[in-house]
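> I would like to see how this sequence folds:
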Amino acid sequence: MEQTVYNPQKGRQETIDVEFTKQNTTWFDNCTNSDDIYMITDFENSLLITGFGYSYPVYIYDLSRAAIGNNQKKALEIKKHYE
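Take a look at the predicted model:
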């Protein structure tokens, strides 16, 4: 599915073709506000960090779910660093 993401390495939005599956995505059910991380997805040796609100997912190169231990708090820290 086509997904618009924010690519901080390029400083702009772009559209990618990504499939969200159980094998490449971790979902977090404890979201209560728009700042919470809803899901993290491995995509082509990179990581997509998606918030619970309406913001675009952040596309981070050379990072994976395993590298951050599938940790929602670490994903939030990384997302804030790149925004």
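> Okay, helices next: where are they in the protein?
72-82 (DSSP state H).
> residue nearest the centroid of it?
Among the residues of the chain, the one closest to the centroid is residue 49, at 1.2 Å (C-alpha atoms, centre = their mean).
> Please look at it and residue 40 and confirm they touch.
Yes: the criterion here is C-beta atoms under 8 Å, and residue 49 meets it with residue 40 at 5.6 Å. All C-beta atoms are positioned from the backbone trio N, CA, C, and that covers glycine.
> so what sits against both of the two?
When contacts are counted by C-beta atoms under 8 Å, 6 or more residues apart in numbering, residue 49 and residue 40 have residue 75 as shared neighbours.
> ok, the residue of the chain most remote from its centre to residue 68 distance?
Distance to the chain centre peaks in the chain at residue 32, reaching 17.2 Å (criterion: C-alpha atoms, centre = their mean). Here the criterion is C-beta to C-beta, to the nearest Å. By it, residue 32 lies 21 Å from residue 68.
> swap in residue 15?
Counting by C-beta to C-beta, the gap from residue 15 to residue 68 is 25 Å.
> Between these two, point out the one with more neighbours.
residue 68 (19 against 9; other C-beta atoms under 10 Å).
> now the residue nearest to the centre of the chain, which residues is it bridged with?
residue 40, residue 58 (DSSP bridges).
> And residue 25, by the same measure?
Here residue 25, judged by DSSP bridges, has bridge partners residue 41.
> thought it was touching residue 39?
Yes: the criterion here is C-beta under 8 Å, and residue 25 meets it with residue 39 at 5.5 Å.
> In this structure, where is pLDDT below threshold?
For the chain, no stretch has pLDDT under 70.
> Isn't residue 15 up against residue 7?
No: look at residue 15 against residue 7 with C-beta under 8 Å: they stay out of range, at 10.3 Å.
> which ones are touching the closest residue to residue 67 other than its chain neighbours?
Leaving aside its chain neighbours, residue 67 sits nearest to residue 47 (7.9 Å; criterion: C-beta to C-beta, 6 or more residues apart in numbering). By C-beta under 8 Å, 6+ apart, the residues touching residue 47 are 40, 41, 59, 60, 63, 64, 65, 67, 68, 75, 78.
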